[in-house]
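*Asks:* Sharing a model prediction with you, sequence too.
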Amino acid sequence: MAALLMPRRNKGMRTRLGCLSHKSDSCSDFTAILPDKPNRALKRLSTEEATRWADSFDVLLSHKYGVAAFRAFLKTEFSEENLEFWLACEEFKKTRSTAKLVSKAHRIFEEFVDVQAPREVNIDFQTREATRKNIQEPSLTCFDQAQGKVHSLMEKDSYPRFLRSKMYLDLLSQSQRRLS
């Protein structure tokens, strides 16, 4: 019943993200994880770009298809909240309105940082409490410490697993086959 009530574009998104219900080792249809029009996106993704994702975690995060592939991988590991929090912090830093800054800070805190938050990220007590204090008078840097911890966790833990995953290796292989 709920699927009938979802807007039409969500159906397309469900179709594109269909491979996410599988384990990361079994997902090889990368048209499902790429934004925009998947076939065109896969054609535009060069082997060089996908290979550069292995240069550094920040290179991966700077490429929209890299973020999409990494997000799909994290979903298979049930840890996409880390990336979603990091992305929310990046968007938060672009906020110019003071009124919006306050509401966005509280929303991010309640969704990701607070104890028992719906998508709680794994940070230590001191970082959580420092962030709680920071959002009392929000600034563009109030999540920096927590964001840094989550970035470091993903870089040291999830990112190396992503680079070794069948998902990433298949993506490289598919992009190389298009060149042949």
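*Replies:* Okay, I see it.

*Asks:* got a list of contacts for stretch 77-87?
*Replies:* Stretch 77-87 is contacted by residues 24, 61, 67, 70-71, 74, 108, 112-113, 119-122, 146-147, 150-151, 153-154, 158, 161 when judged by C-beta atoms under 8 Å, 6 or more residues apart in numbering. The way it works is simple: take the backbone N, C-alpha and C, and place the C-beta from them, glycine included.

*Asks:* In PyMOL, how would I select just the buried ones from those residues?
*Replies:* Burial among the contacts of stretch 77-87 is assessed by 16 or more other C-beta atoms under 10 Å; the matching PyMOL selection reads:
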select buried, resi 24+61+67+70+71+74+108+112+113+121+146+147+150+151+153+154+158
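
*Asks:* Determine the three-state secondary structure at the residue nearest the centre of the chain.
*Replies:* A centroid search over the chain (C-alpha atoms, centre = their mean) returns residue 83, at 3.6 Å, as the residue closest to the centre. Of the three states, residue 83 takes helix under DSSP: H, G, I helix; E, B strand; the rest coil.

*Asks:* Now do it, the pLDDT please.
*Replies:* Listed pLDDT for residue 83 reads 98.

*Asks:* Ok, residue 46 next?
*Replies:* 85.

*Asks:* So residue 147 versus residue 113, what's the distance?
*Replies:* 10 Å (C-beta to C-beta, to the nearest Å).

*Asks:* Could you list the low-pLDDT ranges of the protein?
*Replies:* 1-44, 178-180 (pLDDT under 70).

*Asks:* quick one, helices of it?
*Replies:* 2-5, 8-16, 38-44, 47-52, 57-61, 64-76, 80-92, 98-108, 125-134, 144-153, 159-164, 166-179 (DSSP state H).

*Asks:* now, of the ones you listed, which is deepest in the fold?
*Replies:* Stretch with highest mean neighbour count among these: helix 64-76 (a mean of 21; mean count of other C-beta atoms under 10 Å).

*Asks:* That helix - contacts with which helices or strands?
*Replies:* On a contact count with 3 or more C-beta pairs under 8 Å, 6 or more residues apart in numbering; DSSP states H and E, helix 64-76 meets helix 47-52, helix 57-61, helix 80-92, helix 159-164, helix 166-179.
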